[in-house]
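*Asks:* Sharing a model prediction with you, sequence too.
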Amino acid sequence: MISITLYGGANEIGGSKILLEDKDAKIYLDFGEPFGFGEDYFYDWLKPRKVNGLEVYFELGLMPKIKKIYNEKHLELTDLKYEKPDIDAVFISHSHSDHTGHLKFLDEIIPVYLGHGTKAVMDAYKHLYPQFTDHGKHEAIHTFKSGDKIKVKHLTIEPIHVEHSVPGAYGFIIHTSKGPLVYTGDFRMHGPKASMTKEFIEKASLCNPYAMLCEGTRMTPDAEHNYTEKEVEERASSIIKDSKGLVLAYFAMTNVDRFMSFYHAAVKNNRILVVDTRLAYILDCFKEKISALPDVFSDENIRVYYRLSKSCTFCDKDYYPWEREYFSKKITYEEINKNPLKYVIHSGFNKLMELIYLKPENADFIYSSSEHFLEGEDNEEMRTVLENWMGHFNIKFHKTHCSGHASKNDLVGAIKKINPNILIPVHTQNSEEFKKHHSNVIIPEKGKRIEI
Ligand SMILES: [Zn+2]
Ligand SMILES: [Zn+2]
């Protein structure tokens, strides 16, 4: 008998915290923060201080009150006594905060296993945004690569790479006393790395798994059109081709596939892709691991944007030392304004102030990220601000995006191919929908132990 308890990710997208217990072995698969975490109680400056530790979260029912996992410091003001943890390991599927965001609360002595790529992304964020990034100070961080076999007591955990909207994403095959258990993590298979997901599905299918924890972000009652990464690139290219001015594009900095789509679209239209120093740093960090990425320093189709420094100049001493690294590729608004039709510039909500200097005419803005920002009720105020900027400079707004998650058809195909005895939906708001595609579905409830 093995047991599975979802402390997050049950009938919700994100916040995955999956406890697997098998005899005396206990591991967590992901330890993430739910989207919109605490938004019912916190607002602007009304938010917990570090000194409050877990007390606030326990009181408001935002964190599960579990013994023997949390860090002593965070438990100080709570009625949960610190005890040495009995968790053998935490395995992280990928770097997104809905899978890693609550690592900071765990006891530092619990070993954390993550992919090389995941560590690279997390380290880059820590470097670029130290004030907003806290993953805790874990004493033992082990990195793995696809195909490794990691022993934790009698369990063997096999991470296998999958395609997602961030590099370094993995699914796991876990060999338990009851048989193999598959956890998909987040995955898709409509981009340039689809073969990685196919490899995972193939291996998972060959091991005849006893159970499968399957993500279901897009397991919606009606299947929607599945835009591919190739289509995103083509659409971006056609907007750039028709543009009569500067093209501004927004996409997530760690979405390397999307970067490549815009890079190809820009180059195809004889434009240079301008990135800021942060994106240049991220590309630089990935360069060793992803050979297809262009080299920021030598690629003539990439320039690095420097905004005015505090002293109102572009003097190198005013920038962080790591930013100065890209000075040989420096471009400023002055050079862009001389010939805006030569450039596509990575932009975004927080960079709109640069429009004051770029003063674009006949410009186009391509939004290429999750539709939640454009459709979600919680983003209405930000959307109005964005619209005001677009209106002020008369910028044409376009969107092109494809999901980081598998389409409904691809999910059903993966389930059929892997064909587990038991199917447990995770990371989905449509758990019931899985029943149409498998005869033995167990729908998890938050915090309730499932024995299989
Ligand atoms: Zn996720
Ligand atoms: Zn994800």
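*Replies:* Yes, it's here. Ligands and ions are numbered 1, 2, ... in the order given.
*Asks:* tell me the domain boundaries of this structure?
*Replies:* Domain assignment for the chain by automatic domain parsing gives 2-222+404-451, 229-399.
*Asks:* Report pLDDT for the residue nearest to Tyr125 when sequence neighbours are not counted.
*Replies:* Excluding its sequence neighbours, the residue lying closest to Tyr125 (C-beta to C-beta, 6 or more residues apart in numbering) is Thr133, at 5.0 Å. C-beta here means a position set from N, CA and C on the backbone, and glycine is covered the same way. For Thr133, the pLDDT comes out at 82.
*Asks:* Export the domains of the chain as CSV, with columns for mean neighbour count.
*Replies:* What follows is the domains of the chain, written out as CSV (neighbours: other C-beta atoms under 10 Å):
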stretch, mean neighbour count
domain 2-222+404-451, 19
domain 229-399, 17
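*Asks:* I'd like these laid out as JSON lines, including distance to ligand 2.
*Replies:* Shown next, in JSON lines, are those (distance: least, C-beta to the ion, whole Å):
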{"stretch": "domain 2-222+404-451", "distance to ligand 2": "4"}
{"stretch": "domain 229-399", "distance to ligand 2": "10"}
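*Asks:* To ligand 1, which of these lies closest?
*Replies:* domain 2-222+404-451 (4.3 Å; C-beta to the ion).
*Asks:* thought Leu29 was touching Tyr183?
*Replies:* Yes. Counting by C-beta atoms under 8 Å, Leu29 does reach Tyr183; the two are 5.2 Å apart.
*Asks:* Spit out the residues that contact the two alike.
*Replies:* By the contact definition C-beta atoms under 8 Å, 6 or more residues apart in numbering, Leu29 and Tyr183 are jointly contacted by Ile18, Ser93, Phe172, Leu213.
*Asks:* any idea what sits nearest the first one, other than its immediate chain neighbours?
*Replies:* This means Ile18. Nearest residue to Ile18 in three dimensions, chain neighbours excluded: Leu29, at 4.2 Å (C-beta to C-beta, 6+ apart).
*Asks:* What parts of this protein come near ligand 1?
*Replies:* For the chain, the contact set with ligand 1 under C-beta under 5 Å from the ion comprises Asp98, Asp186.
*Asks:* circling back: return the distance of the residue nearest to Tyr125 relative to Gly101.
*Replies:* 10 Å (C-beta to C-beta, to the nearest Å).
*Asks:* With Leu386 instead?
*Replies:* With distances taken as C-beta to C-beta, Leu386 is found 26 Å from Gly101.
*Asks:* Next: Thr217.
*Replies:* According to C-beta to C-beta, Thr217 stands 17 Å off from Gly101.
*Asks:* Quick check: pLDDT value at the residue most central in space within the chain.
*Replies:* Nearest to the geometric centre of the chain sits His96, at 3.2 Å (C-alpha atoms, centre = their mean). On the pLDDT scale, His96 is placed at 96.
*Asks:* Could you double-check that it lies in contact with Asp30?
*Replies:* No. Counting by C-beta under 8 Å, His96 stays clear of Asp30, with 9.4 Å between them.
*Asks:* picking that back up, helix, strand, or coil at the residue nearest to Ile18?
*Replies:* Using DSSP: H, G, I helix; E, B strand; the rest coil, the structure places Leu29 in strand.
*Asks:* List the contacts of it.
*Replies:* Contacts of Leu29 by C-beta under 8 Å, 6+ apart are Ser16, Ile18, Leu20, Val90, Phe91, Ser93, Phe172, Tyr183, Leu213.
*Asks:* related to what we said a few turns ago, tell me which helix or strand the residue nearest to Tyr125 sits in.
*Replies:* Using DSSP states H and E, Thr133 sits in no helix or strand.
*Asks:* Assess the claim that it and Val121 are in contact.
*Replies:* No. Between Thr133 and Val121 there is no contact, the gap being 10.9 Å when judged by C-beta under 8 Å.
*Asks:* Now do the lowest-mean-pLDDT helix or strand in the chain: everything it contacts.
*Replies:* The weakest-scoring helix or strand in the chain, judged by mean pLDDT, DSSP states H and E, is helix 372-375 (a mean of 73). Residues outside helix 372-375 that contact it (C-beta under 8 Å, 6+ apart): Tyr367, Asn379, Met382, Arg383, Lys399.
*Asks:* ok, now stretch 434-441?
*Replies:* Residues from elsewhere that reach stretch 434-441, judged by C-beta under 8 Å, 6+ apart: 214, 216, 219, 412, 415-416, 420-425, 428, 431, 443.
*Asks:* Could I get the contacting residues of the closest residue to Ala140 other than its chain neighbours?
*Replies:* Leaving aside its sequence neighbours, Ala140 sits nearest to Pro111 (C-beta to C-beta, 6+ apart; 4.1 Å). Shown in contact with Pro111 (C-beta under 8 Å, 6+ apart): Asp88, Ala89, Val90, His138, Ala140, Ile141, His142.
*Asks:* nearest to Phe35, of those residues?
*Replies:* Set against Phe35, the nearest of the contacts of Pro111 by C-beta to C-beta is Val90 (20.1 Å).
*Asks:* Pretty sure Thr100 is one of the things the closest one touches, is it not?
*Replies:* No. Between Val90 and Thr100 no contact is recorded; they are 9.5 Å apart, counting by C-beta under 8 Å.
*Asks:* now the helices for the stretch 301-450 of the chain?
*Replies:* Counting by DSSP state H, counting those that start in this stretch, the segments of the stretch 301-450 of the chain that form helices are 321-324, 333-338, 355-358, 372-375, 380-392, 408-418.
*Asks:* which one of the ones you listed has the lowest average pLDDT?
*Replies:* Comparing mean pLDDT across the helices of the stretch 301-450 of the chain, the weakest is helix 372-375, with a mean of 73.
*Asks:* ok, and what's touching the helix or strand where Leu279 lies?
*Replies:* Here Leu279 is covered by helix 277-287, with elements defined by DSSP H and E. Residues outside helix 277-287 that contact it (C-beta under 8 Å, 6+ apart) are 117, 120-121, 123-124, 127-128, 167, 253-254, 256, 259, 275, 293-296, 302, 304-306, 319-320, 322-323, 325-326, 329, 346.
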